[in-house]
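Engineer: show me the folded form of this:
(2 chains)
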Amino acid sequence: ELKVEQNPLFLSMQEGKNYTIYCNYSTTSDRLYWYRQDPGKSLESLFVLLSNGAVKQEGRLMASLDTKARLSTLHITAAVHDLSATYFCAVDATNYGGSQGNLIFGKGTKLSVKP
Amino acid sequence: NAGVTQTPKFQVLKTGQSMTLQCAQDMNHNSMYWYRQDPGMGLRLIYYSASEGTTDKGEVPNGYNVSRLNKREFSLRLESAAPSQTSVYFCASSDGPIFWGNTIYFGEGSWLTVV
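Structural biologist: All right, here's what the predicted structure looks like:
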(Lines give C-alpha, C1' and ligand atoms only; values in the text may rest on other atoms or scores of the structure.)
Protein backbone atom coordinates (compact mmCIF):
# COMPACT_ATOMS: atom_id res chain seq x y z
CA GLU A 1 0.00 0.00 0.00
CA LEU A 2 1.38 3.36 -0.98
CA LYS A 3 1.51 5.77 1.95
CA VAL A 4 2.46 9.42 1.87
CA GLU A 5 3.57 11.23 5.00
CA GLN A 6 4.15 14.93 5.33
CA ASN A 7 5.86 16.73 8.12
CA PRO A 8 5.37 18.91 9.84
CA LEU A 9 1.56 18.97 9.76
CA PHE A 10 1.49 22.46 11.25
CA LEU A 11 4.08 25.13 10.74
CA SER A 12 4.06 28.60 12.17
CA MET A 13 6.87 30.77 10.96
CA GLN A 14 7.84 34.40 10.87
CA GLU A 15 8.12 36.46 7.77
CA GLY A 16 11.57 36.43 6.29
CA LYS A 17 12.49 33.00 7.61
CA ASN A 18 13.29 29.87 5.63
CA TYR A 19 11.79 26.46 6.16
CA THR A 20 11.33 23.07 4.51
CA ILE A 21 8.31 20.79 4.32
CA TYR A 22 9.07 17.10 3.87
CA CYS A 23 7.09 14.51 1.96
CA ASN A 24 8.03 10.86 2.39
CA TYR A 25 6.37 8.04 0.51
CA SER A 26 6.51 4.31 1.01
CA THR A 27 7.12 2.85 -2.45
CA THR A 28 9.02 3.79 -5.55
CA SER A 29 7.43 6.47 -7.65
CA ASP A 30 8.86 9.07 -9.97
CA ARG A 31 5.83 11.31 -10.22
CA LEU A 32 5.09 13.66 -7.39
CA TYR A 33 2.85 16.70 -7.19
CA TRP A 34 2.67 19.67 -4.85
CA TYR A 35 -0.56 21.59 -4.35
CA ARG A 36 -1.59 24.64 -2.38
CA GLN A 37 -5.03 25.04 -0.79
CA ASP A 38 -6.35 28.23 0.76
CA PRO A 39 -9.13 27.87 3.37
CA GLY A 40 -12.43 26.98 1.76
CA LYS A 41 -10.86 26.98 -1.69
CA SER A 42 -9.82 24.52 -4.32
CA LEU A 43 -6.36 23.05 -4.84
CA GLU A 44 -3.89 24.94 -6.96
CA SER A 45 -1.14 23.02 -8.70
CA LEU A 46 2.33 24.26 -7.72
CA PHE A 47 4.80 21.74 -9.08
CA VAL A 48 4.89 18.49 -11.01
CA LEU A 49 8.11 16.51 -10.43
CA LEU A 50 8.64 13.71 -12.91
CA SER A 51 12.10 12.28 -12.34
CA ASN A 52 14.80 11.67 -9.79
CA GLY A 53 16.69 14.84 -9.07
CA ALA A 54 13.97 17.10 -10.46
CA VAL A 55 14.03 20.59 -9.01
CA LYS A 56 11.51 23.30 -9.76
CA GLN A 57 11.25 26.83 -8.44
CA GLU A 58 8.51 29.42 -8.51
CA GLY A 59 9.03 32.60 -6.57
CA ARG A 60 9.84 31.79 -2.94
CA LEU A 61 9.01 28.09 -3.31
CA MET A 62 11.34 25.37 -4.52
CA ALA A 63 10.47 21.70 -4.78
CA SER A 64 12.79 18.75 -5.28
CA LEU A 65 12.44 15.01 -5.69
CA ASP A 66 14.76 12.21 -4.61
CA THR A 67 13.16 8.98 -5.79
CA LYS A 68 15.88 6.80 -4.26
CA ALA A 69 15.19 8.26 -0.81
CA ARG A 70 11.46 8.40 -1.58
CA LEU A 71 11.49 11.99 -0.47
CA SER A 72 10.33 15.30 -1.82
CA THR A 73 10.92 18.65 -0.19
CA LEU A 74 9.20 22.00 -0.52
CA HIS A 75 11.54 24.77 0.54
CA ILE A 76 10.24 28.18 1.47
CA THR A 77 12.65 31.09 1.21
CA ALA A 78 12.07 34.37 3.05
CA ALA A 79 8.45 33.60 3.84
CA VAL A 80 5.75 36.22 3.40
CA HIS A 81 2.20 36.28 4.78
CA ASP A 82 0.71 35.48 1.35
CA LEU A 83 2.26 32.03 1.53
CA SER A 84 -0.04 31.09 4.42
CA ALA A 85 -2.05 28.07 3.20
CA THR A 86 -2.14 24.29 3.39
CA TYR A 87 0.36 22.49 1.19
CA PHE A 88 -0.21 18.96 -0.02
CA CYS A 89 2.12 16.55 -1.71
CA ALA A 90 0.62 13.72 -3.75
CA VAL A 91 2.17 10.65 -5.34
CA ASP A 92 0.94 8.81 -8.41
CA ALA A 93 -0.28 5.34 -7.38
CA THR A 94 -1.00 4.08 -10.88
CA ASN A 95 1.73 1.44 -10.76
CA TYR A 96 0.70 0.14 -7.34
CA GLY A 97 -2.72 -1.27 -7.93
CA GLY A 98 -4.44 2.05 -8.08
CA SER A 99 -6.60 3.09 -10.97
CA GLN A 100 -5.25 5.66 -13.33
CA GLY A 101 -5.64 9.06 -11.76
CA ASN A 102 -5.18 7.76 -8.26
CA LEU A 103 -3.03 10.32 -6.54
CA ILE A 104 -2.30 9.43 -2.93
CA PHE A 105 -2.22 12.62 -0.92
CA GLY A 106 -0.41 13.45 2.27
CA LYS A 107 -2.44 14.97 5.09
CA GLY A 108 -1.18 18.43 4.29
CA THR A 109 1.00 20.97 6.05
CA LYS A 110 -0.84 23.99 7.37
CA LEU A 111 1.52 26.92 7.08
CA SER A 112 0.96 30.15 8.94
CA VAL A 113 3.35 33.02 8.25
CA LYS A 114 3.24 35.77 10.83
CA PRO A 115 4.70 39.27 10.70
CA ASN B 1 -11.94 30.81 -18.74
CA ALA B 2 -14.08 28.95 -16.18
CA GLY B 3 -11.91 25.81 -15.90
CA VAL B 4 -13.70 23.17 -13.81
CA THR B 5 -17.18 24.11 -12.60
CA GLN B 6 -19.09 22.17 -9.95
CA THR B 7 -22.66 22.45 -8.74
CA PRO B 8 -24.07 22.74 -6.17
CA LYS B 9 -21.52 24.40 -3.94
CA PHE B 10 -23.38 23.56 -0.73
CA GLN B 11 -25.97 20.87 -0.01
CA VAL B 12 -27.58 19.36 3.06
CA LEU B 13 -29.17 15.94 2.66
CA LYS B 14 -31.10 13.68 4.94
CA THR B 15 -29.88 10.12 5.39
CA GLY B 16 -31.24 7.98 2.59
CA GLN B 17 -31.82 10.81 0.14
CA SER B 18 -30.16 10.80 -3.26
CA MET B 19 -28.47 13.56 -5.16
CA THR B 20 -26.16 14.22 -8.07
CA LEU B 21 -23.14 16.48 -8.11
CA GLN B 22 -22.55 18.01 -11.50
CA CYS B 23 -19.17 18.84 -12.99
CA ALA B 24 -18.16 20.41 -16.28
CA GLN B 25 -14.80 21.46 -17.68
CA ASP B 26 -14.12 23.74 -20.62
CA MET B 27 -10.46 22.87 -21.19
CA ASN B 28 -11.16 20.02 -23.63
CA HIS B 29 -9.54 17.60 -21.22
CA ASN B 30 -9.83 13.87 -21.70
CA SER B 31 -9.51 12.73 -18.08
CA MET B 32 -11.86 13.67 -15.27
CA TYR B 33 -11.94 12.74 -11.59
CA TRP B 34 -14.02 12.92 -8.44
CA TYR B 35 -12.22 13.22 -5.10
CA ARG B 36 -13.44 13.68 -1.57
CA GLN B 37 -11.67 15.57 1.20
CA ASP B 38 -12.35 14.93 4.85
CA PRO B 39 -11.17 17.18 7.70
CA GLY B 40 -7.43 17.00 8.28
CA MET B 41 -6.95 14.66 5.34
CA GLY B 42 -5.68 14.79 1.85
CA LEU B 43 -7.94 14.03 -1.07
CA ARG B 44 -9.02 10.49 -1.92
CA LEU B 45 -10.08 9.39 -5.38
CA ILE B 46 -13.66 8.16 -5.72
CA TYR B 47 -13.93 7.57 -9.47
CA TYR B 48 -11.96 8.35 -12.56
CA SER B 49 -12.83 8.68 -16.24
CA ALA B 50 -10.07 8.41 -18.81
CA SER B 51 -12.34 9.41 -21.67
CA GLU B 52 -15.96 9.76 -22.67
CA GLY B 53 -17.78 6.52 -22.02
CA THR B 54 -15.25 5.03 -19.60
CA THR B 55 -15.11 5.08 -15.82
CA ASP B 56 -12.95 3.34 -13.21
CA LYS B 57 -13.18 2.96 -9.47
CA GLY B 58 -10.76 4.83 -7.31
CA GLU B 59 -9.76 4.39 -3.70
CA VAL B 60 -13.20 4.93 -2.09
CA PRO B 61 -15.99 4.16 -4.63
CA ASN B 62 -18.54 2.50 -2.34
CA GLY B 63 -21.85 4.36 -2.15
CA TYR B 64 -21.23 6.35 -5.34
CA ASN B 65 -21.96 6.09 -9.02
CA VAL B 66 -20.67 8.22 -11.85
CA SER B 67 -21.59 9.10 -15.40
CA ARG B 68 -19.31 10.55 -18.04
CA LEU B 69 -22.06 12.18 -20.05
CA ASN B 70 -19.76 13.60 -22.72
CA LYS B 71 -16.24 14.95 -22.88
CA ARG B 72 -17.14 18.02 -20.83
CA GLU B 73 -19.32 16.57 -18.07
CA PHE B 74 -18.75 14.05 -15.30
CA SER B 75 -21.41 13.60 -12.63
CA LEU B 76 -21.27 11.92 -9.24
CA ARG B 77 -24.39 10.37 -7.74
CA LEU B 78 -25.12 9.38 -4.18
CA GLU B 79 -27.99 6.90 -4.35
CA SER B 80 -28.71 6.68 -0.62
CA ALA B 81 -26.74 9.23 1.32
CA ALA B 82 -25.14 8.28 4.63
CA PRO B 83 -23.57 10.52 7.31
CA SER B 84 -20.17 9.01 6.43
CA GLN B 85 -20.48 10.73 3.07
CA THR B 86 -20.39 14.15 4.68
CA SER B 87 -17.37 15.65 2.99
CA VAL B 88 -16.08 18.18 0.52
CA TYR B 89 -16.17 16.85 -3.02
CA PHE B 90 -13.81 18.02 -5.71
CA CYS B 91 -14.14 17.43 -9.40
CA ALA B 92 -10.95 17.66 -11.43
CA SER B 93 -9.67 17.21 -14.95
CA SER B 94 -6.43 16.72 -16.83
CA ASP B 95 -5.44 16.63 -20.46
CA GLY B 96 -4.20 13.06 -20.14
CA PRO B 97 -3.33 10.43 -17.56
CA ILE B 98 -1.37 11.56 -14.54
CA PHE B 99 1.27 8.92 -15.16
CA TRP B 100 2.22 11.02 -18.13
CA GLY B 101 2.85 13.88 -15.74
CA ASN B 102 -0.23 15.86 -16.62
CA THR B 103 -1.37 18.54 -14.23
CA ILE B 104 -4.73 17.98 -12.58
CA TYR B 105 -6.96 21.05 -12.33
CA PHE B 106 -9.52 21.13 -9.54
CA GLY B 107 -12.94 22.70 -9.25
CA GLU B 108 -13.99 24.89 -6.34
CA GLY B 109 -15.48 22.05 -4.32
CA SER B 110 -18.96 21.02 -3.18
CA TRP B 111 -19.68 20.97 0.56
CA LEU B 112 -22.07 18.12 1.33
CA THR B 113 -23.58 17.45 4.76
CA VAL B 114 -25.67 14.36 5.42
CA VAL B 115 -27.78 14.52 8.58
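Engineer: for chain B, what are the nearby residues on chain A?
Structural biologist: Residues of chain A found near chain B (Cβ under 8 Å from any Cβ of the partner chain) are A:4, A:31, A:33, A:40-45, A:48, A:50, A:88, A:90, A:92, A:94-95, A:98-108. Any C-beta I mention is one placed from the backbone N, CA and C, and that applies to glycine too.
Engineer: quick one: least confident helix or strand in chain A?
Structural biologist: Lowest on mean pLDDT, DSSP states H and E among the helices and strands of chain A sits strand A:103-105, with a mean of 87.
Engineer: same thing with chain B?
Structural biologist: strand B:56-57 (a mean of 90).
Engineer: with adjacent residues omitted, what lies nearest to the residue in chain A that chain B sits nearest to?
Structural biologist: Scanning chain A for proximity to chain B using Cβ to the nearest Cβ identifies A:F105 as nearest, at 2.5 Å. Spatial nearest neighbour of A:F105, excluding adjacent residues (Cβ to Cβ, 6 or more residues apart in numbering or on different chains): B:G42 at 2.5 Å.
Engineer: so the one you found touches A:T86, yeah?
Structural biologist: No: at 9.7 Å, B:G42 does not count as touching A:T86 under the criterion of Cβ atoms under 8 Å.
Engineer: hey, what's in contact with both of these two?
Structural biologist: Both B:G42 and A:T86 are in contact with A:G108, where contact means Cβ atoms under 8 Å, 6 or more residues apart in numbering or on different chains.
Engineer: ranges for the strands of chain B?
Structural biologist: B:4-7, B:10-13, B:19-25, B:31-37, B:43-49, B:56-57, B:64-68, B:74-78, B:87-94, B:105-106, B:110-114 (DSSP state E).
Engineer: mean neighbour count and distance to chain A added to the ones you listed, as CSV?
Structural biologist: Formatted as CSV, those follow (neighbours: other Cβ atoms under 10 Å in any protein chain shown; distance: least, Cβ to the nearest Cβ, whole Å):
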stretch, mean neighbour count, distance to chain A
strand B:4-7, 18, 8
strand B:10-13, 14, 11
strand B:19-25, 19, 12
strand B:31-37, 26, 5
strand B:43-49, 24, 4
strand B:56-57, 16, 4
strand B:64-68, 18, 12
strand B:74-78, 20, 11
strand B:87-94, 24, 7
strand B:105-106, 21, 4
strand B:110-114, 18, 9
